[in-house]
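Asks: structure for the following, please:
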Amino acid sequence: MTERRNTLIDLSDRSQKFALAGLAVGIVGLVIQWIADPAKFGYSFPPGIWFIAAFGLVTILTSRWSFSAVFSVLIAAWIMFGGIATDKLQPNLVSHNLGTVTGNVVMSIGLIVTVVFGIISIVLRLRRRRGRTVSRGPAAG
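Replies: Take a look at the predicted model:
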């Protein structure tokens, strides 16, 4: 049986940690893109980094809630699907600038990891909250 901690922040869920790590990887991808082509961001700091960091912080601060990873999933999906829908991601993946391509690949991998593990985290936490357990094979004993 899992012991409940009486803390404000609860990052004991491994899948939520992976989702947050995915956001960090997404930020690294944006930094790579910024270094490779600062003009693309108007020579200023990429605003996407602030958005990703803010949503990650909200995820951490609400980590006691079963659905706290939804904030990470939302920002990751918004950036990924927004980039695809506005046709901004695809040209960056075939750019002649290797840094732009690398940064976009790193960012995309991080954000995909965030969406996948964020959803897993939400499902597992809601199951636990409802008293269901996830089957891990035959019970010992």
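Asks: for the helix-or-strand element of the chain with minimal mean pLDDT, list every residue counted as buried.
Replies: The least trusted helix or strand in the chain, going by mean pLDDT, DSSP states H and E, turns out to be helix 89-93, with a mean of 92. Of the residues in helix 89-93, 89, 92 count as buried by neighbour count, 16 or more other Cβ atoms under 10 Å. From N, CA and C alone the C-beta is placed, and that goes for glycine too.
Asks: strands along this protein, start to end?
Replies: Under the criterion DSSP state E, the chain carries no strands.
Asks: any stretches of it with poor pLDDT?
Replies: Counting by pLDDT under 70, the ranges of the chain that qualify are 1-12, 132-141.
Asks: circling back to that earlier point, which elements pack onto the least confident helix or strand of the chain?
Replies: Contacts defined by 3 or more Cβ pairs under 8 Å, 6 or more residues apart in numbering; DSSP states H and E place helix 89-93 against helix 70-85, helix 98-129.
Asks: so what's the residue nearest the centre of the chain up against?
Replies: The residue lying closest to the centre of the chain (Cα atoms, centre = their mean) is residue 114, at 3.1 Å. Residue 114 is in contact with 19-20, 22-23, 26, 72-73, 76, counting by Cβ atoms under 8 Å, 6 or more residues apart in numbering.
Asks: thanks again, I'm all set now.
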